[in-house]
Structure formats: C-alpha cells, structure tokens
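J.: Quick one, structure for this:
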Amino acid sequence: MQVQPSQREQIPIHEVAASARRPQRFDKLWPLLFLLYFAVSVLFQSLTGVYRSEFGHSPDEASHVVTSLMIRDYLVSGFHANPVRYAEEYYVHYPKVAIGMWPPAFHTSVAVWTLLFGASRTSLLAFIALQASILAFTLALFASKLFGRVAGGALGLLLLCLPLVQLGISSVMLDICIAALEFWAMVFAVEYFKTERLKSAVLFGFCSALAMLTKGTANGIVLVPVLLIVLTRQFSILRKAGLYIAAVIVVVLGIPWQILSWRLYQGTIPIAHVDLPYIWSVFSGYMLILFKHLGPPLFLIALLGLAVECGKLLFRRSNPLTDADYAMAGAISLLFAIIIFHSVAPVPGPEPRYMVPALPLLLIAFAAGVRWLAEIVPVGIPVTARAAVIAGIALMIFAATTFAIPNRPGRSFIEAADVLSQKPVNHEAVMIYSDSKGEGAFITEIALRDSRPDRIVLRASKVVSEDPWSAPDRYRPLLHNPAETEAYLESVPVDSIVVDMTEGGWPQDRELLLETMRQNPSKWVQLAEFPEDAAHHHLLLYRRVGAELNTRPKDVRIRMRFTLGRDLSLKP
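T.: Just a heads-up that it's a prediction; the model follows:
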C-alpha cells in the first residue's frame with residue numbers, strides 16, 4: 001500500500017490533480033483497473049455458483065427481480081394500460097411485485113438494462129457486477145488523492161474481497177447501488193464545501209435524492225452536511241444558498257416515496273420503540289457485524305485511523321483546511337451518518353447488508369490508520385515500505401481468517417419450473433408452498449420463462465393462510481379443511497401445486513395441502529419429486545388430472561389488506 005510522507009497533508013489536492021492531468025503512464029491504466037474490478041466481480045460471482053442457482057438468497061431478492069421485470073414489460077407494452085392497474089394485474093400473475101414498498105430508481109435502472117441486454121439470470125447478475133465495479137472504482141479514485149494511486153487501486157480491490165460485498169454481488173439486491181450513490185453524494189458535498197459552487201450542491205442534492213429513491217436506508221445521507229459543518233467548522237456555509245437548494249431537491253424528489261413506503265411498511269413489519277437501550281443494542285450489533293466482516297486487523301486499524309483523522313480535524317490549529325482534510329472529513333461524515341441513522345431507525349435490526357455503504361469508508365479509515373502507524377514506527381526504512389509491511393500483515397491475517405467465497409446453492413425451484421415448462425398448460429395456475437425465500441425463487445423462475453404475463457402463481461402464504469411480514473402472532477388460516485381447500489383449488493382452478501417438504505413456512509398449511517391431495521387421488525397426481533441435497537429443497541410437484549384440457553378462465557382473488565387495504569382480483 002503506497003503512502004506519501006507525513007508532509008502529504010500540506011500538498012493541496014488540486015496540485016496533485018494538476019499533476020495527474022499530465023500525460024502519465026498510470027493514467028492509461030485507470031480504464032484497465034475498472035475492467036479488472038468487473039472481471040474480479042464476475043469471477044467471485046461464478047465461484048459462488050450464483051449463475052447456476054435460483055434467486056432465493058434473501059426474502060427481498062425475488063421482489064427486486066419481479067418488480068424490475070414488471071417495469072420492463074410495461075415499457076414495451078406501449079403504455080396502453082393504466083400503470084397502477086398493470087402493476088396490480090402483474091402482481092396477480094407473479095405475486096412479488098413490490099413497487100411502493102421500495103422506491104423505483106433501482107428497478108427502473110434494471111428494467112432499462114434488461115431492455116438492452118435481455119431479461120436473464122446472466123444479464124441481471126452482470127448488472128450487479130457492474131455496480132460493484134463502479135463502487136470499487138469510485139473508491140479507488142477518491143482514495144488515490146489521499147494515499148496515492150497504488151493504495152487507491154488496492155483499496156478498490158480489497159473492497160470486492162470483503163464478505164459483505166461478495167454477498168451483495170451474488171444476489172440482486174439494492175445495497176451496492178445505495179453504497180455507490182451515497183459515496184457520490186458525499187463527493188459532491190465535499191466539493192461544495194471546498195468551492196461553494198452551486199453546481200456541486202445541486203449534484204449533491206440529486207445524488208442524495210436518487211439514493212433515497214433507491215431505498216429508505218439511504219435517508220441518513222441528509223446528516224452528511226451537518227457532520228461536515230461540525231468537522232470542518234465551516235459554519236459560514238449556512239449562509240449560502242446551495243445547501244438549501246440541495247435540501248429542496250431532496251424534499252421534492254426523495255421524501256414523497258419515503259412517505260408512501262413508510263405507510264406500506266407500517267402494515268407489514270413491527271415498528272421498534274426507539275430509546276437508549278434500543279439504540280445501544282442496534283449500534284453494538286452493527287459494530288459486531290463490521291468486526292466480523294472486516295476481520296480484527298482491518299477493523300481495529302480502521303478505528304485507529306478514524307480516531308487519528310477525527311482528532312486532526314477537531315483539534316486542528318487555525319491553518320486553512322487542505323483538500324485532503326475536506327476529503328477525509330467527507331468520508332468520516334458519511335460513515336457516521338450511516339451508523340447513526342441505522343442505529344436510530346425504528347425498523348428491525350441490525351441487518352448486516354445495511355452496512356455495505358459503510359465498508360468503503362472504513363477502508364479509507366484503515367488506510368489512514370496504516371499511514372499513521374507507518375509514520376510513528378521507529379524503523380530505519382522509508383515510510384512507504386513501512387506502510388506496505390503493516391498493510392501486508394493485516395491483509396494476510398484477513399485472507400487467512402475472514403476472506404471466504406460464499407456458497408450460493410439452490411436449484412430445486414429451477415428444476416421444478418423446467419418441468420412445468422416442458423408440460424405446458426394453457427394459462428396455468430400454480431400454487432407454491434414454501435417459506436418466503438422459496439416462494440420468491442419459484443415465482444421468479446416462472447416469470448423468467450413466461451411470455452409475461454402468462455401463468456398465475458399463487459402463494460400458499462396468501463391464499464391458504466395469511467400473516468403480515470415478521471408478525472407470526474397475526475397468522476390466521478383462510479382454508480380450514482381438505483374439503484374447503486379442494487373447493488378453492490377447483491374454483492380457480494389451480495392446475496399444479498409445488499410443495500416444499502423442507503423446513504420453513506407454516507407446516508399446518510403444508511399438511512393441509514398434502515392431505516387434500518391424499519383425499520382426492522382421482523384429481524391429483526404426483527408429476528415429479530426433487531430430493532433434498534446440499535443444493536436443493538425437497539419438492540413435490542403435483543398436477544391436476546386433465547389440466548392440459550382445461551381451458552376455463554382463471555378466477556383469482558388475493559387478499560392485500562395489510563398493504564393496499566383491499567383485495568386484488570383477476571376475473572374471467
């Protein structure tokens with residue numbers, strides 16, 4: 001890791017930038033560095049097995065995929081249907097549409113990507129790899145102005161090796177995207193504090209709003225200007241118009257979707273009572289998560305670097321701030337904003353993936369800690385060599401104790417969807433019993449194979465019983481016995497049923513479905529079985545006798561009282 005001498009803080013970054021604009025061999029390597037990050041991201045994805053597995057690694061993953069497909073299909077539909085009605089009908093077919101629960105920025109960008117590169121597993125994962133590469137490259141550019149180009153490039157590569165980032169790039173989730181947008185917003189905030197140019201304030205406002213339009217977990221970005229004022233003591237910025245223009249942009253673009261999402265969330269997840277014990281519990285939980293996923297050497301050196309840089313900023317003399325000071329203040333401000341927001345947010349936590357945006361900032365603190373240690377170690381070798389040795393030891397310990405390629409198995413729902421696709425039924429209605437991950441994985445596999453919208457997937461957790469997310473005490477059955485269940489299956493009619501025999505879901509719902517089919521052997525036959533192994537759920541696939549000849553239109557009604565406050569239906 002390359003570190004400049006201790007006098008580095010006295011060299012304004014604009015001089016470094018001016019030097020960087022001169023023709024240098026290393027400049028030509030920046031595009032190659034980005035391609036390296038993308039190749040490493042795809043390599044890690046491949047090693048996890050995610051290109052061969054289903055989208056069921058998180059309860060939310062299927063919602064992000066299906067919502068993106070819905071927006072894509074609406075864009076190519078010619079806009080003939082009302083968008084709200086289109087989304088509702090799409091949900092009846094593939095009940096994982098979650099527009100409103102999450103803002104639309106991420107899903108819209110994925111929809112545009114799939115218009116260009118196709119709606120496939122490979123295309124979706126390549127989009128996530130691209131986002132990870134952009135985040136790593138942004139970190140490398142930012143850190144190179146603080147610690148040198150070699151160190152910046154190494155930090156970008158190290159970011160991709162962190163376990164939380166590897167989990168993020170091996171699933172279609174929002175956290176990598178939020179991390180990049182928050183980082184960009186911080187960069188523009190720093191630029192505004194340095195130059196007070198209105199353009200930088202406007203860009204900060206737009207990047208912040210875009211992050212908030214990706215997910216509400218980005219709302220902590222609004223704390224960055226406040227913390228920057230504290231660290232830089234630049235109170236005069238409060239008299240400038242730029243900060244207030246940025247605030248207006250955030251309020252107008254970012255806040256309305258937060259209000260809508262909050263209203264929908266209140267009906268589905270428990271809202272925590274925020275007090276000091278709760279804040280401490282969540283904060284300490286997030287510290288343990290960061291300690292686990294960074295490993296002891298990286299985490300402890302990052303805390304050291306954070307303390308050193310905060311001390312320099314808070315107890316500095318009256319010397320004017322350098323560009324490096326502003327940059328470090330921005331990184332610290334965003335890191336504190338992320339941790340403060342997630343510690344006080346009244347939603348279930350701590351959730352490890354919420355700390356992904358904090359990781360590049362902690363790596364900056366790690367590099368600052370390495371630099372400080374290298375400067376104080378009384379060894380008669382150049383400070384750059386000392387830093388390389390310290391960083392090398394820390395990274396070897398990280399590689400031996402923390403680095404690991406996550407395993408992303410799961411193909412049983414892919415195989416079940418393949419069997420159903422080989423034995424088509426006209427506008428087939430399929431019921432899936434599983435936990436939330438399994439339901440989502442199956443729905444996504446059906447959607448990816450359909451000429452959408454075509455087949456109708458019914459979630460047993462919506463029609464056999466109901467309960468809001470994370471509130472099992474509010475579970476209640478909708479179907480009570482085999483006769484009532486068969487009457488419902490016939491009324492739709494349901495053509496196929498997939499039953500997950502592994503742990504998860506409500507076992508009473510599974511037993512009710514199995515007993516219904518046992519009592520009606522003339523109506524239901526087992527079409528396939530997928531035994532459980534290390535990469536599979538144990539699935540049983542049943543087909544209604546004569547389903548291939550049944551052309552009766554489907555009559556589907558889905559209860560949505562916890563979110564929409566009304567039911568959705570698809571009438572003949």
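
J.: okay, Glu503: pLDDT?
T.: The model reports Glu503 with a pLDDT of 79.

J.: residues contacting it?
T.: Asp435 (Cβ atoms under 8 Å, 6 or more residues apart in numbering). C-betas here are computed from N, CA, C, even on glycine.

J.: Same question for Ser200.
T.: 188-189, 191-192, 242.

J.: ok, now Trp102?
T.: 63-64, 67, 174, 214-215, 261.

J.: low-scoring stretches of the stretch 451-572 of the chain, by residue?
T.: 468-473, 534-535, 560-567, 571-572 (pLDDT under 70).

J.: which residue ranges form the strands in the stretch 201-350 of the chain?
T.: Applying DSSP state E, counting those that start in this stretch to the stretch 201-350 of the chain gives no strands.

J.: hang on, I meant the chain
T.: For the chain, the strands defined by DSSP state E cover 429-433, 456-459, 465-466, 476-477, 496-500, 524-530, 539-544, 556-560, 566-570.

J.: I'd like a version of these in a markdown table, one that adds distance to Val165 as further columns.
T.: Shown next, in a markdown table, are the strands of the chain (distance: least, Cβ to Cβ, whole Å):
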| stretch | distance to Val165 |
| --- | --- |
| strand 429-433 | 31 |
| strand 456-459 | 31 |
| strand 465-466 | 36 |
| strand 476-477 | 40 |
| strand 496-500 | 30 |
| strand 524-530 | 32 |
| strand 539-544 | 32 |
| strand 556-560 | 35 |
| strand 566-570 | 37 |
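
J.: export these to CSV and tack on distance to Val97 and mean neighbour count?
T.: Listed next are the strands of the chain as CSV, based on distance: least, Cβ to Cβ, whole Å; neighbours: other Cβ atoms under 10 Å:
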stretch, distance to Val97, mean neighbour count
strand 429-433, 16, 25
strand 456-459, 12, 23
strand 465-466, 18, 18
strand 476-477, 24, 10
strand 496-500, 20, 25
strand 524-530, 27, 16
strand 539-544, 24, 22
strand 556-560, 11, 17
strand 566-570, 10, 14
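
J.: The ones you listed: which one's closest to Leu300?
T.: In terms of Cβ to Cβ, the element of the strands of the chain nearest to Leu300 is strand 496-500, at 43.1 Å.

J.: centre of the chain versus the closest one, how much separation?
T.: 29 Å (Cα atoms, centre = their mean, to the nearest Å).

J.: same thing with stretch 287-299?
T.: 20 Å.

J.: rewinding a little: generate a PyMOL selection restricted to the buried subset of the contacts of Trp102.
T.: The following PyMOL line selects those of the contacts of Trp102 that are buried, judged by 16 or more other Cβ atoms under 10 Å:
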select buried, resi 63+64+67+174+214+215+261
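
J.: Among the contacts of Trp102, which lie within helices?
T.: 63-64, 67, 261 (DSSP state H).

J.: how about a markdown table for those residues, with pLDDT and distance to Ser123 added?
T.: A markdown table is the format used below for those (pLDDT from 0 to 100; distance: Cβ to Cβ, whole Å):
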| residue | pLDDT | distance to Ser123 |
| --- | --- | --- |
| Ser63 | 94 | 18 |
| His64 | 96 | 14 |
| Thr67 | 96 | 16 |
| Ser261 | 74 | 27 |
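
J.: Looking at those, which is nearest Leu321?
T.: Nearest to Leu321 among the ones in helices among the contacts of Trp102 is Ser261, at 37.6 Å by Cβ to Cβ.

J.: Give me the contact list for stretch 79-88.
T.: 70, 74, 77, 89, 97, 99, 568.

J.: Can you flag which of the contacts of Ser200 belong to helices?
T.: Those of the contacts of Ser200 lying in helices (DSSP H): 188-189, 191-192, 242.

J.: okay, those in JSON lines with neighbour count next?
T.: Listed next are the ones in helices among the contacts of Ser200 as JSON lines, based on neighbours: other Cβ atoms under 10 Å:
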{"residue": "Phe188", "neighbour count": "22"}
{"residue": "Ala189", "neighbour count": "29"}
{"residue": "Glu191", "neighbour count": "20"}
{"residue": "Tyr192", "neighbour count": "26"}
{"residue": "Gly242", "neighbour count": "21"}
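
J.: Which one of these is nearest to Thr384?
T.: Of these, the one sitting nearest to Thr384 (Cβ to Cβ) turns out to be Glu191, at 28.5 Å.

J.: do you know how far the closest one is from Phe142?
T.: 11 Å (Cβ to Cβ, to the nearest Å).

J.: and Pro348, how many neighbours?
T.: 13 (other Cβ atoms under 10 Å).

J.: confidence score at it?
T.: 71.

J.: my guess is Met355 contacts Lys292, does it?
T.: No - under the criterion of Cβ atoms under 8 Å, Met355 makes no contact with Lys292, lying 10.2 Å away.

J.: Need the contacts of Ser200 in JSON lines (columns: distance to Val492).
T.: Shown next, in JSON lines, are those (distance: Cβ to Cβ, whole Å):
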{"residue": "Phe188", "distance to Val492": "53"}
{"residue": "Ala189", "distance to Val492": "54"}
{"residue": "Glu191", "distance to Val492": "58"}
{"residue": "Tyr192", "distance to Val492": "57"}
{"residue": "Gly242", "distance to Val492": "58"}
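
J.: Just give the closest residue to Asp60, not the sequence neighbours.
T.: In space, and not counting its chain neighbours, Asp60 is closest to Met173: 6.7 Å by Cβ to Cβ, 6 or more residues apart in numbering.

J.: Could you dump the ones in helices among the contacts of Trp102 into a markdown table with distance to Arg518 added?
T.: Listed next are the ones in helices among the contacts of Trp102 as a markdown table, based on distance: Cβ to Cβ, whole Å:
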| residue | distance to Arg518 |
| --- | --- |
| Ser63 | 33 |
| His64 | 37 |
| Thr67 | 37 |
| Ser261 | 43 |
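
J.: Tell me which two in those residues are the farthest apart.
T.: Pairwise over these, using Cβ to Cβ, the maximum falls at His64 and Ser261, 14.2 Å.

J.: can you pull the contacts of Ile221?
T.: 182, 185-186, 208, 211-212, 334, 337.

J.: State the pLDDT value of it.
T.: Model confidence at Ile221 (pLDDT) stands at 95.

J.: Now do it against Leu361, distance only.
T.: On the measure of Cβ to Cβ, Ile221 and Leu361 end up 13 Å apart.

J.: same check, this time on Phe38
T.: 22 Å.

J.: The two: who's more crowded?
T.: Leu361 (27 against 19).

J.: Surely that one is in contact with Phe336?
T.: No - Leu361 is beyond contact range of Phe336, at 9.1 Å (criterion: Cβ under 8 Å).

J.: show me where pLDDT drops low in the chain?
T.: 1-26, 263-272, 468-473, 534-535, 560-567, 571-572.

J.: care to break it down by domain?
T.: Using automatic domain parsing, the domain parsing of the chain gives 6-48+120-401, 412-570.

J.: roughly how far out does the longest one sit from the chain middle?
T.: The chain centroid and the centroid of domain 6-48+120-401 are separated by 16 Å, computed with Cα atoms, centre = their mean.

J.: how many neighbours does the closest residue to Tyr94 other than its chain neighbours have?
T.: Using Cβ to Cβ, 6+ apart and skipping the chain neighbours, the partner closest in space to Tyr94 is Ala447 (4.6 Å). Residues near Ala447, counting by other Cβ under 10 Å, number 27.
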